[in-house]
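Novice: kindly return the folded structure for what I paste below:
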Amino acid sequence: MWHRLQIALVFLAPVVLMGGLYVFGLTIPVPHLGRDYVVRLALPDPDAPRDLPEVLGPEDSSRPLVVIDAGHGGHDPGASGGGYKEKTVVLGLALALRDELLRQGGVRVALTRSDDRFLVVEERFQIARALGADLFISIHADSAGEQASVSGASIYVLSDEASSEAAARFAERENEADQVNGVVLAGTSQNVNDILVDLAQRRSSEGSGTFAALIEREGRGTLTFHPQTQRSAGLRVLRAPDVPSVLYEAGFITNEGDAARLASPEGQRRFADVMSRAVRIFFARQSGA
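Specialist: Model (predicted):
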């Protein structure tokens with residue numbers, strides 16, 4: 001009984017106090033209740049990247065442009081294991097590939113991020129589109145949770161179903177000022193826009209599949225691949241309608257051997273050698289050389 005009385009006094013005491021003050025004509029200032037407060041946070045607009053990265057390499061704009069995307073970054077570390085963070089490992093791989101492509105020359109290169117910063121997924125492929133990229137490579141490292149024995153790299157392209165969905169979404173979002181594959185959509189009907197975007201998506205999907213096969217071919221005997229090397233999925237980062245795109249899962253950060261190899265200078269050099277060869281063969285085929 002005494003316990004219940006204590007609880008009642010806790011709730012009744014403020015009421016009794018306010019009532020007593022009112023009876024004796026005393027008042028105390030109280031904050032105004034019932035007012036609505038709205039907190040607004042400024043988020044990056046994925047459709048309008050404000051600060052495009054620098055394009056490195058030849059000044060000749062006719063040279064093919066590769067945009068390399070190191071996944072995650074900033075407050076998003078990605079997968080982790082054995083003291084390694086995905087965001088750090090994949091940035092090292094991206095920088096190594098950039099340096100190798102520039103060393104060999106003839107190809108222009110840009111990175112979506114060259115430091116530890118966060119980008120939303122849509123902003124990554126929109127950077128590639130805004131720069132007019134000819135190829136988009138997103139680099140990640142996988143995680144197998146407690147299955148530490150799982151290892152090897154995989155190469156993802158956009159699945160057919162996701163490709164159709166992406167094409168429909170892009171066609172809906174395009175406005176009269178936009179263009180796809182160099183074709184201006186201004187003044188055309190929505191049906192024509194749908195067809196143009198769908199054709200662009202089909203063409204980029206074919207290019208993506210070709211490049212994925214080249215990575216596997218050039219990396220055989222040098223890189224360690226997962227038994228299921230080439231895969232397709234509805235990954236948002238691959239949904240640029242007019243840029244051939246692949247997501248390269250470089251290995252498993254949860255596998256001690258994979259993680260150490262990917263973080264090592266030798267592992268990064270091997271990756272850069274293989275990927276740069278695949279890039280050059282891809283562009284040679286595209287140009288008909």
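
Novice: what's near enough to touch the closest residue in space to residue 144 that isn't next to it in sequence?
Specialist: Here the nearest residue to residue 144 in space, its sequence neighbours aside, is residue 150; by C-beta to C-beta, 6 or more residues apart in numbering that works out to 3.8 Å. Backbone N, C-alpha and C define where each C-beta goes, glycine included. Residue 150 makes contacts with 144, 226, 252, 254, 255, as judged by C-beta atoms under 8 Å, 6 or more residues apart in numbering.

Novice: which SS class is residue 147?
Specialist: Secondary structure assignment for residue 147 (DSSP: H, G, I helix; E, B strand; the rest coil): coil.

Novice: just give me the neighbour total for it.
Specialist: 11 (other C-beta atoms under 10 Å).

Novice: ditto for residue 280
Specialist: Residue 280 - counted by other C-beta under 10 Å - has 17 other residues nearby.

Novice: per-residue pLDDT, it?
Specialist: Looking at residue 280, its pLDDT stands at 97.

Novice: now, which of the contacts of residue 150 sits nearest residue 58?
Specialist: Proximity of the contacts of residue 150 to residue 58, judged by C-beta to C-beta, is greatest for residue 226, which lies at 35.2 Å.

Novice: coming back round to it: dump the contacts of residue 150 to JSON lines, plus secondary structure, pLDDT and distance to residue 282.
Specialist: Below are the contacts of residue 150 laid out as JSON lines (DSSP: H, G, I helix; E, B strand; the rest coil; pLDDT from 0 to 100; distance: C-beta to C-beta, whole Å):
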{"residue": "144", "secondary structure": "coil", "pLDDT": "86", "distance to residue 282": "30"}
{"residue": "226", "secondary structure": "strand", "pLDDT": "92", "distance to residue 282": "22"}
{"residue": "252", "secondary structure": "strand", "pLDDT": "94", "distance to residue 282": "26"}
{"residue": "254", "secondary structure": "coil", "pLDDT": "93", "distance to residue 282": "31"}
{"residue": "255", "secondary structure": "coil", "pLDDT": "94", "distance to residue 282": "29"}
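
Novice: biggest separation within those, which pair?
Specialist: 226 and 254 (13.1 Å).

Novice: could you pull out the helices in the stretch 101-250 of the chain for me?
Specialist: 121-131, 160-173, 190-219 (DSSP state H, counting those that start in this stretch).

Novice: by contact count, what packs against the shortest one?
Specialist: Based on contacts counted as 3 or more C-beta pairs under 8 Å, 6 or more residues apart in numbering; DSSP states H and E, the elements that helix 121-131 packs against are strand 65-70, strand 135-142.

Novice: just give me the neighbour total for the residue lying closest to residue 78 once chain neighbours are set aside.
Specialist: Distances taken as C-beta to C-beta, 6+ apart place residue 86 nearest to residue 78, at 3.0 Å, with adjacent residues excluded. Residue 86 has 26 neighbours, counted by other C-beta under 10 Å.
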